[in-house]
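Novice: Got a predicted model here, sequence first, then my questions.
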Amino acid sequence: MPPEGNPMAASEATLRNGHGRGRRLASWREHHGWSAAASLRRLASRPLGSLLTVAVMGLALALPLAFYLLLGNVQKLGDALGQSEAVSVFMQPGQNAQQAQLLARQLGERPEVAKVTVKTPQQGMDELARMQGFSGALLTLDDNPLPYVLQLQPRPGTSAGMIEQLATDVRAMHSVDMVQDSGNWRRRLDALLGVGNRAALVLASLLSLAALLVVGNTVRMDIAGRSEEIGVLMLLGASAAFVRRPYLYAGIWYGLFSGILATLLAVLIELVLAEPVARLSRAYDGRLQINGLPPWLLLAVPLAAAVLGWLGARLVSAWQLRKAA
């Protein structure tokens, strides 16, 4: 009687099939563990070549991290030196304090203005007197020629276009002599940082491709050196996935170790720069806060490098095995 008509036979066949699947799964896991250990032992058996490969990949991956660190801290420097894109309004000579306060209240009512600070001519004169080389010249003046100056502080989140429109509107007022928008340099800096970020992305892509090619070439040479062994395995019926598995793990090890090296180099760069950065921060009264690379990025780099190494090994090993078949 066939198994379909015999419940006991059907149950026995089901157990036998389940047992077979369990043995195949256990064999699959065992081969993965063996491949990972064997590939690691093979890397350790040729320490100089493995070290050179890891060093080249690690340096290639560390360069984008260093560039990213530089760009991030240039952004912080811009925040410290000019986070407030203040607009300076110079009133016409002869305007008095009452007129300056009236204009300050009028400008303070605009929705894009957070704060208006009035600087008197005497305060401007005192600032000039504290500057080296001006104190003697100021003594020769009969009266104070400086006008009232209003410092307009835009609200956080105000767009560059709104600030430019604010400066244009203020210039049209009859009591205003000149308007200086100090946020122009910050917008130029932001534009340069945008170019730098794009350049960092292109650099990271090119260096990642270089790392992938390094892994691929190393795996290709390894496969070429063991072509006879691979041929015997394939004659015995080994599948392509079975044969290439150790090489895939070799790519993973190369990528993982190079990613760890790149992370260590990035941390070393931060440590080397710590003291001069601290002096720079003290020079700006602690307003300049320099940050290191975020922890999530330092953790992600080895994992991403391992994936990159696997991909390089996968592409090359598949191509090499097709040639050998």
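Specialist: Sure thing, it's come through.
Novice: Which segments of the protein make up each domain?
Specialist: 34-80+188-324, 86-182 (automatic domain parsing).
Novice: tell me the mean pLDDT for the shortest one?
Specialist: So the one you mean is domain 86-182. Regarding domain 86-182, the rounded mean pLDDT is 79.
Novice: got it, and stretch 202-214?
Specialist: 87.
Novice: In that stretch, which residues are buried?
Specialist: For stretch 202-214, burial by neighbour count (16 or more other C-beta atoms under 10 Å) applies to 204, 207-208, 211-212, 214. All C-beta spots, glycine's among them, are computed from the backbone N, C-alpha and C.
Novice: Which ones among those residues map onto helices?
Specialist: Taking DSSP state H, the ones among the buried residues of stretch 202-214 that sit in helices are 204, 207-208, 211-212, 214.
Novice: Of those residues, which is the nearest to residue 222?
Specialist: When those are compared for distance to residue 222 (C-beta to C-beta), residue 214 wins out at 12.8 Å.
Novice: who are the neighbours in contact with the closest one?
Specialist: Residues in contact with residue 214 (C-beta atoms under 8 Å, 6 or more residues apart in numbering) are 53, 56-57, 60, 254, 312.
Novice: try it again with 7 Å
Specialist: Residues near residue 214 by C-beta atoms under 7 Å, 6 or more residues apart in numbering: 53, 56-57.
Novice: Mind checking which of those are buried?
Specialist: Going by neighbour count (16+ other C-beta under 10 Å), these have 53, 57 buried.
Novice: In strands, which of the contacts of residue 214 appear?
Specialist: Using DSSP state E, no member of those sits in strands.
Novice: Can you name the residues bridging to residue 150?
Specialist: residue 89, residue 118 (DSSP bridges).
Novice: all helices for the chain, in order.
Specialist: Using DSSP H, helices in the chain cover 7-45, 47-82, 97-108, 121-130, 135-138, 160-171, 184-225, 227-235, 240-283, 295-324.
Novice: could I get those as TSV with distance to residue 150?
Specialist: Output for those, formatted as TSV (distance: least, C-beta to C-beta, whole Å):
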stretch	distance to residue 150
helix 7-45	68
helix 47-82	18
helix 97-108	6
helix 121-130	12
helix 135-138	23
helix 160-171	9
helix 184-225	18
helix 227-235	80
helix 240-283	29
helix 295-324	43
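Novice: what's the closest of those to residue 147?
Specialist: That would be helix 121-130 among the helices of the chain, by C-beta to C-beta, at 6.5 Å.
Novice: Buried deepest among the domains of the chain, which one?
Specialist: domain 34-80+188-324 (a mean of 17; mean count of other C-beta atoms under 10 Å).
Novice: Give me the distance from it to the chain's centre.
Specialist: 14 Å (C-alpha atoms, centre = their mean, to the nearest Å).
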